[in-house]
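*Asks:* task: produce atomic coordinates for the following.
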Amino acid sequence: GRAPYFEWFVGGLTNAAFNEVDRHVLSGHGDETAFISVGAAAFDATGEPKSFLEHSTRISRKELLAQSALYALMLQEAGVQRGSMVAMLLPHCIEQVCWIEAAKRIGAVYTCLPESISIASLASRLFDASAQLVITSQTKSPA
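*Replies:* Numbers count the residues shown, from 1 in each chain. As a prediction, the model looks like this:
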C-alpha cells in the first residue's frame, strides 16, 4: 500500500508464541529463565530495593510453554478462536504473560487494560473492542 498505509509480509503466516517461546525450548533452552516478576514486596517503604532474589518470581521457558499451552486450551474451550478479542484486566506479572502467550498461540487478538481503570472506562473499552472474553483475577476489581 501507499503511505500511510504500508503493508508487510502480505499473505504470510507466523505464530508469535512459537517464535517467542517454543523455539527456545525446542533448541534446548527450556530450563533458562523466561521472565522474572518483581512484586511490591521487593521495595521498602521509601522505594529502595530489597533483596531482588528473595522477592521475585521466575518462570522457565518450558514452564511458560506448558502454562501458555494450557491457557490456550482454556481459551479455546471458552470459544475463543483466531481473530477473537480477549481483554485482560490483570496485574503486571508472570500470569499475565502466560495469558498473552496463550492468546498469541491461538491467534486471538488481545488488549491489556490498566488495573486502575474505572467501571465506565472499562465498559467503554470492552464495548469498543467487542471483547468476547475478559480475563481477570479475584484480587482485582476496577476502581
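*Asks:* look up which helix or strand the residue sitting nearest the centre point of the chain falls in, please.
*Replies:* For the chain, the residue nearest the mean C-alpha position is residue 100 (2.4 Å; CA atoms, centre = their mean). Secondary structure from DSSP states H and E places residue 100 in helix 94-106.
*Asks:* try residue 92
*Replies:* Here residue 92 is assigned to no helix or strand, by DSSP H and E.
*Asks:* contacts only, for it.
*Replies:* residue 37 (CB atoms under 8 Å, 6 or more residues apart in numbering). (C-beta placed from N, C-alpha, C; glycine too.)
*Asks:* about what we covered before: contact partners for the nearest residue to the residue nearest to the centre of the chain once chain neighbours are set aside?
*Replies:* Distances taken as CB to CB, 6 or more residues apart in numbering place residue 110 nearest to residue 100, at 6.2 Å, with adjacent residues excluded. Neighbouring residues of residue 110 by CB under 8 Å, 6+ apart: 85, 86, 87, 88, 99, 100, 103, 104.
*Asks:* and the host helix or strand of residue 110, which residues are buried?
*Replies:* With elements taken from DSSP H and E, the one containing residue 110 is strand 109-112. Under the neighbour-count criterion of 16 or more other CB atoms under 10 Å, strand 109-112 has 109, 110 buried.
*Asks:* for stretch 57-72, same thing?
*Replies:* 59-69, 71-72.
*Asks:* for the record, mean pLDDT for that stretch?
*Replies:* The predicted model gives stretch 57-72 an average pLDDT of 96.
*Asks:* chain center to that stretch: distance?
*Replies:* Offset of stretch 57-72 from its chain centre (CA atoms, centre = their mean, to the nearest Å): 11 Å.
*Asks:* ok, and what's touching it?
*Replies:* With CB under 8 Å, 6+ apart as the criterion, stretch 57-72 contacts 17, 21-22, 24-25, 29-37, 39, 93-94, 97-99, 101-103, 105-106.
*Asks:* and the angle for the helix ranked longest in the chain with helix 94-106?
*Replies:* Scanning the chain for the helix with the most residues, using DSSP state H, yields helix 61-77. Calculated by axes from the mean of the first three to the mean of the last three CA atoms, to 10 degrees, helix 61-77 forms an angle of 60 degrees with helix 94-106.
*Asks:* mind saving the C-alpha coords of helix 61-77 as CSV?
*Replies:* Provided in CSV are the C-alpha atoms of helix 61-77 (Å, rounded to 0.1, in the frame of the first residue of the first chain):
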residue,chain,number,x,y,z
ARG,A,61,10.9,-21.2,29.1
LYS,A,62,9.5,-24.7,29.4
GLU,A,63,7.2,-23.7,32.2
LEU,A,64,6.0,-20.8,30.2
LEU,A,65,5.4,-23.1,27.2
ALA,A,66,3.4,-25.5,29.3
GLN,A,67,1.3,-22.9,31.1
SER,A,68,0.6,-20.9,27.9
ALA,A,69,-0.4,-24.1,26.1
LEU,A,70,-2.8,-25.0,29.0
TYR,A,71,-4.3,-21.4,28.9
ALA,A,72,-4.7,-21.6,25.1
LEU,A,73,-6.8,-24.8,25.6
MET,A,74,-8.8,-23.0,28.2
LEU,A,75,-9.4,-20.1,25.8
GLN,A,76,-10.5,-22.4,23.0
GLU,A,77,-12.8,-24.3,25.4
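*Asks:* appreciated, that's everything.
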